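Enquirer: After the sequence you'll find the predicted model.
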Amino acid sequence: MLIQQALKVLHVNKLLRKDKLYVHVHPIAWRDQFRDSCNIEVLPNDSISANQAKVLLPFSFMRRCFYRLCHGIQNRNPWLAARLWSYVAVVLDKKPKAA
């Protein structure tokens with residue numbers, strides 16, 4: 001979510017002629033409503049969109065280095081990556097009912 005805030009400050013979406021993202025981003029706390037009935041796992045999905053990367057990093061070698069750095073962070077510390085990246089995946093596994 002930190003990256004998305006930085007993109008707002010830099011007005012990247014306006015440069016891309018987009019007023020809003022194509023998805024609705026819920027706050028991380030949104031998942032807490034399922035805590036009683038599900039096991040919750042938050043996984044990092046993508047740091048920024050491809051279009052945003054093209055605006056911020058105009059050369060392909062810069063984008064390649066950026067994504068390699070992001071991939072390394074994601075592998076070493078997925079919890080941190082899930083908090084920093086713009087796009088996360090929330091996995092909800094339903095808990096078995098108590099007998």
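Expert: Right, received. Where do you want to start?
Enquirer: all contacts plus neighbour counts: C-alpha atoms, from now on.
Expert: Noted.
Enquirer: is D46 in a bridge, and if so with what?
Expert: Residues in a beta bridge with D46, per DSSP bridges, are Y87.
Enquirer: Could you give the number of residues near L43?
Expert: Using other C-alpha atoms under 10 Å, L43 is surrounded by 19 other residues.
Enquirer: Over to the one 5 residues further on?
Expert: Neighbour count of I48, defined by other C-alpha under 10 Å: 16.
Enquirer: what's the closest non-adjacent residue to it?
Expert: S86 (5.7 Å; C-alpha to C-alpha, 6 or more residues apart in numbering).
Enquirer: Near the one you found, how many other residues are there?
Expert: Other residues near S86 come to 20 when the count uses other C-alpha under 10 Å.
Enquirer: ditto for C65
Expert: 12.
Enquirer: check which helix or strand covers it.
Expert: Per DSSP states H and E: C65 is located in helix 60-76.
Enquirer: Packing partners of that helix?
Expert: On a contact count with 3 or more C-alpha pairs under 8 Å, 6 or more residues apart in numbering; DSSP states H and E, helix 60-76 meets helix 78-84.
Enquirer: Same question for the helix it packs on: list its buried residues.
Expert: Burial within helix 78-84, assessed by neighbour count using 16 or more other C-alpha atoms under 10 Å, is assigned to P78, A81, A82, R83, L84.
Enquirer: cool, stretch 68-79 as well?
Expert: Neighbour counts using 16+ other C-alpha under 10 Å place C70, H71, Q74, P78 of stretch 68-79 among the buried residues.
Enquirer: if we can go back for a sec, quick one: the residue nearest to I48 from I28, how far?
Expert: Counting by C-alpha to C-alpha, to the nearest Å, the gap from S86 to I28 is 11 Å.
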